[in-house]
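>>> Need a 3D model of the sequence below.
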Amino acid sequence: MAKTYTEELAEWVKKRKEKRPRQDLAAVAFMAVREDVKAAIEAGYAQKTIWAHLHEIGKIPYRYETFLKHVRKHIKEAKREEGPESAKVTPDNPTKAAVGREKDTKPTKKEGFTFDATPKKEDLI
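Residues are numbered from 1 along each chain as shown. Alright, predicted model coming up:
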């Protein structure tokens, strides 16, 4: 008995899903080696070298571009959010950013163009 088109389509979709890599698997694989990657970057190794080694030994099966995306997201941005200890604001150590915020709260004179819908007599011809 011949299969209907919907049965054929269902089988094709099932096979297709199995072949497509899942993006979350790449993230999981990176998180498993994140500390090793972080240590290697701090030791001075190039990201391309780190990726090539991890890819060759099979720890990360994805492309270099994906690796860079995860490094940027999970290592570099996380490091930027933490910041150095000297940049933290404490009562004893206000930073320039904290001082700048205090200045921004003061009202300032507005400069530039301001639109007034009602014309002034002296501006009219």
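>>> Distance of the spatially most central residue of the chain relative to residue 119?
Taking C-alpha atoms, centre = their mean, the centroid of the chain lies closest to residue 73, which sits 4.2 Å from it. Plainly put, residue 73 is 54 Å away from residue 119 if you go by C-beta to C-beta, to the nearest Å. Where you see a C-beta, it was placed from the backbone N, CA and C, and this is true even at glycine.
>>> so residue 28 is in which element?
Following DSSP states H and E, one finds residue 28 within helix 23-43.
>>> Pull out the buried positions in that helix.
26-27, 29-30, 33, 37-38, 40-41 (16 or more other C-beta atoms under 10 Å).
>>> for this protein, where's the lowest mean pLDDT among helices and strands?
helix 96-104 (a mean of 50; mean pLDDT, DSSP states H and E).
>>> need the helices for the chain, in chain order.
Using DSSP state H, the helices of the chain run over residues 5-19, 23-43, 47-57, 64-71, 77-82, 96-104.
>>> wait, which of the ones you listed is closest to residue 125?
helix 96-104 (41.3 Å; C-beta to C-beta).
>>> Low-confidence bits of the chain, can you list those?
Applying pLDDT under 70 to the chain picks out residues 1, 17-22, 83-110.
>>> quick one on the thing from earlier: could you export the buried residues of helix 23-43 as CSV, including distance to residue 64?
Below are these laid out as CSV (distance: C-beta to C-beta, whole Å):
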residue, distance to residue 64
26, 12
27, 16
29, 14
30, 12
33, 14
37, 13
38, 18
40, 15
41, 15
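>>> so which of those comes closest to residue 56?
Closest to residue 56, out of all of the buried residues of helix 23-43 and judged by C-beta to C-beta, is residue 33, at 13.1 Å.
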